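Undergrad: What would the 3D arrangement of this be:
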Amino acid sequence: MSPDADLPVVAEAEWPREGGPPLRIRLLSSAAYFGAGDFEDAADIAEDQPGQAYIVSYESADRPGVFDHAIANVASIDAAMALVEEKFPGARWLRKGAD
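TA: I've put the predicted structure just below:
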């Protein structure tokens, strides 16, 4: 799974950083939970599984506009938004998603 995959953006935020431009954060909607891809794992862990999931994607601090970091397999949009607020204290929502 590539963090910059062509998935719908359902919410966006920015996180102020000292000494640099704000870091942008996106919540992506996915129709699958992404598997580990490890052939030694059980199939339900190794392979992608169908189901509504969300991905927290955020850009590189040193490469604005490049969203190459991701936290996948978040079960709900509310959980994804809470995760953003936990990992990025003070993040400001530009667009909140609705599910």
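
Undergrad: just the helices in the chain please.
TA: Residue ranges of the helices in the chain, as given by DSSP state H, are 43-46, 77-87.

Undergrad: Just give me the residue right at the centre of this structure.
TA: Nearest residue to the geometric centre of the chain (C-alpha atoms, centre = their mean): Val56, 1.3 Å.

Undergrad: Spit out the contact partners of the closest residue to it other than its chain neighbours.
TA: Distance criterion C-beta to C-beta, 6 or more residues apart in numbering; nearest residue to Val56, sequence neighbours excluded, is Ile71 at 4.3 Å. (Glycine included, C-beta is placed from N, CA and C.) By C-beta atoms under 8 Å, 6 or more residues apart in numbering, the contact set of Ile71 is 55-56, 83, 87.

Undergrad: Retrieve the pLDDT associated with the residue lying closest to Pro16 once chain neighbours are set aside.
TA: Nearest residue to Pro16, sequence neighbours excluded (C-beta to C-beta, 6+ apart): Pro22, at 5.2 Å. Predicted confidence (pLDDT) for Pro22: 94.
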